[in-house]
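Below is the structure, and that's it, no one-letter string:
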């Protein structure tokens with residue numbers, strides 16, 4: 001796809017948008033077990049590893065720690081560390097910790113984000129950048145600020161530098177048996193009834209109730225309940241090139257538009273939550289001034305389409321980080337059965353100007369020439 005503004009040779013900047021907040025649910029922190037079920041010491045209580053992805057309830061990944069004892073615990077000089085599922089060397093993702101976890105209290109460590117989807121976390125106790133995989137990996141709480149090395153593979157219990165460890169998905173490092181990973185889904189890994197048996201599979205359960213809690217006990221308020229949205233009413237079909245226009249922004253910004261096109265790429269996972277549409281039969285034409293393709297941001301419908309589908313969509317025209325898009329809600333897409341000519345891949349040298357790139361924004365591309 002050609003994108004504008006330019007972010008480097010052949011970079012694809014796909015548009016995504018903010019999604020609704022999660023529904024209210026009983027927080028994991030409210031499901032606290034008797035202290036006797038805990039082996040002792042601070043534990044990883046909840047891990048959410050897909051923050052910012054499509055349909056994510058929260059913008060950032062996080063790890064929530066819990067102190068099951070009756071005494072506050074200082075984490076000064078400790079760290080949260082991450083190693084990839086297949087890693088065998090020392091962890092490379094390290095977030096330094098400082099502060100105190102209250103007795104029978106929580107401690108929230110904010111991680112990185114996969115994209116701009118989801119609500120903000122409650123104020124974290126540590127605003128870190130731990131970049132965990134959404135499907136498999138190893139998270140460990142260490143009583144040192146430096147990487148734990150050597151860190152063995154397979155089951156790791158009783159390591160002098162490791163306070164607690166969570167291996168999930170296909171990770172090669174875990175306690176007892178690896179826990180089930182979310183597999184890119186929007187669930188968190190929650191400690192089961194507060195238990196710490198040194199067996200990740202037994203101690204952690206996947207839960208749709210994602211409940212980040214900081215050391216003050218603060219959790220996000222439940223979102224307001226909105227009435228069901230009415231599906232948009234289709235209007236006269238507007239050609240995609242008229243939506244794009246010849247300038248840097250759509251001339252129809254903020255208006256509800258109906259258009260038709262062939263799906264050239266769809267991204268139901270990974271945080272993009274949308275697909276590209278291009279006018280049937282189009283490809284680059286000499287002197288072209290407006291693109292024949294547009295990105296459709298539609299978390300509710302993207303899973304129902306595939307490249308090659310001919311569809312009609314109704315949604316609101318807008319811009320997202322310099323990329324024209326249509327935001328299409330549930331009920332705003334219908335598949336068409338009438339014949340439609342296939343899209344022609346653009347085979348052009350790298351467009352050298354902003355105007356040239358804008359004229360091909362989002363169109364199917366067959367790269368030509370050499371790139372470095």
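Structure's in. What do you need? In this text the structure is predicted, and so the values were computed from the model without any measurement.

Chain neighbours aside, what residue packs nearest to residue 316?
Nearest residue to residue 316, sequence neighbours excluded (C-beta to C-beta, 6 or more residues apart in numbering): residue 327, at 4.9 Å. For glycine as for every other residue, the C-beta is placed from the backbone atoms N, C-alpha and C.

Hmm, that neighbour is touching residue 313, no?
No - with contacts counted by C-beta atoms under 8 Å, residue 327 stays clear of residue 313, the gap being 9.9 Å.

Compare those two (neighbour count), which wins?
Between residue 327 and residue 313, counted using other C-beta atoms under 10 Å, residue 313 has the larger neighbour count: 24 against 20.

Please name the bridge partners of that one.
Counting by DSSP bridges, residue 313 forms beta bridges with residue 259, residue 333.

wait, what's in contact with it?
Neighbour list for residue 313: 258-261, 277, 296, 298, 326, 328, 332-333 [criterion: C-beta atoms under 8 Å, 6 or more residues apart in numbering].

Quick check: the two most widely separated of these?
The span of the contacts of residue 313, defined through C-beta to C-beta, is set by 260 and 298 at 14.7 Å.

out of the two, which sits in the busier spot?
residue 298 (26 against 19).

Can you report phi and psi for the more buried one?
phi -160, psi 80 (degrees, to the nearest 10).

can I assume it is in contact with residue 331?
No - between residue 298 and residue 331 there is no contact under C-beta under 8 Å: 10.5 Å.

Show the pLDDT at residue 35.
Looking at residue 35, its pLDDT stands at 35.

just residue 29 next, same as before
Note for residue 29: predicted pLDDT of 38.

Can you show me the helices along the stretch 201-350 of the chain?
For the stretch 201-350 of the chain, helices defined by DSSP state H, counting those that start in this stretch occupy the ranges 240-244.

So for stretch 117-128, mean pLDDT?
Stretch 117-128 comes out at a mean pLDDT of 94.

who touches it?
16-19, 21-22, 51-60, 62, 80, 95-99, 107-111, 212-216, 218-220, 223, 271, 273.

Check stretch 166-181 too.
For stretch 166-181, the external contacting residues (C-beta under 8 Å, 6+ apart) are 44, 47, 49, 83, 85-88, 133-140, 151-157, 164-165, 182-183, 189, 197-204, 206.

residue contacts, the residue positioned nearest the centre of the chain?
Nearest to the geometric centre of the chain sits residue 53, at 1.4 Å (C-alpha atoms, centre = their mean). Contact partners of residue 53, counting by C-beta under 8 Å, 6+ apart, are 114-115, 117, 134, 184, 186, 269-271.

Lowest-confidence one in the residues you listed?
Minimum confidence in these sits at residue 184, scoring 65.

which residue sits closest to residue 86 in space, ignoring its chain neighbours?
In this structure, residue 86 finds its nearest non-sequential neighbour in residue 172, 6.2 Å apart by C-beta to C-beta, 6+ apart.

And that neighbour, what's its pLDDT?
Reported pLDDT for residue 172: 96.

what's the neighbour count on it?
Per other C-beta under 10 Å, the neighbour tally for residue 172 reads 18.

ok, it to residue 88 distance?
Counting by C-beta to C-beta, to the nearest Å, the gap between residue 172 and residue 88 amounts to 7 Å.

Give me the common contacts of the two.
In contact with both residue 172 and residue 88: residue 153, using C-beta under 8 Å, 6+ apart.

Where does the prediction get shaky in the protein?
Regions of the chain meeting the criterion pLDDT under 70 cover residues 1-40, 184-185, 221-229, 285-286.

can we see that at 50?
For the chain, applying pLDDT under 50 flags the ranges 4-39.

For residue 370, grab the count of nearby residues.
That count, for residue 370 with other C-beta under 10 Å as the rule, works out to 7.

How about residue 268?
18.
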